[in-house]
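Visitor: Okay, predicted coordinates and the sequence, questions at the end:
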Amino acid sequence: MIGEKIKNKRKELNLTQEYLAKELNISRQAVSKWEKGLSEPSMDNLVKLSEIFGVDIKYFKNNDEKENDSFISKIFWDFLYAAIGLVFYLIYYFGIMEGALNKDPK
């Protein structure tokens, strides 16, 4: 999450939220919201943060893409398991129905 990266890097560099806010010309509350994941900085502010922190802008995005890929992968596997379960259920259900239909009434 971008907010966690901002918070970790800020603390690593011994910077306060107030300092970042002043450097970015925003409120301290905005920095707090970023760090809590309640909002995200604009691209402009990400560029400024990368300069302040001395990191490449990619620093803020790399893990988010991996988290998104992981989420999509989880959805895929959940769907696949559900589909397999449905196929087995249908085979079982129609197998019972076929057996019931083929019985000779006596």
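Guide: Structure received. Numbering: from 1, shown residues only.

Visitor: got the residue ranges for the helices in the protein?
Guide: Counting by DSSP state H, one finds helices in the chain at the ranges 2-12, 17-24, 28-36, 43-53, 62-102.

Visitor: Quick one: those helices as TSV, columns for mean pLDDT and mean neighbour count too.
Guide: Glycine gets a C-beta too; all of them are placed from N, C-alpha and C. TSV is the format used below for these (pLDDT from 0 to 100; neighbours: other C-beta atoms under 10 Å):
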stretch	mean pLDDT	mean neighbour count
helix 2-12	93	17
helix 17-24	96	16
helix 28-36	95	18
helix 43-53	93	16
helix 62-102	73	10
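
Visitor: From Ile84, how far out is the residue lying closest to Lys7 once chain neighbours are set aside?
Guide: Excluding its sequence neighbours, the residue lying closest to Lys7 (C-beta to C-beta, 6 or more residues apart in numbering) is Glu35, at 4.1 Å. Counting by C-beta to C-beta, to the nearest Å, the gap from Glu35 to Ile84 is 42 Å.

Visitor: how near is Asp56 to Val47?
Guide: For Asp56, the distance to Val47 equals 11 Å [C-beta to C-beta].

Visitor: meant to ask about Tyr89, not that
Guide: Note on Tyr89: its distance to Val47, by C-beta to C-beta, is 53 Å.

Visitor: cool, and Phe53?
Guide: Distance, Phe53 to Val47, using C-beta to C-beta: 11 Å.

Visitor: try Lys36
Guide: Distance from Lys36 to Val47, counting by C-beta to C-beta: 22 Å.
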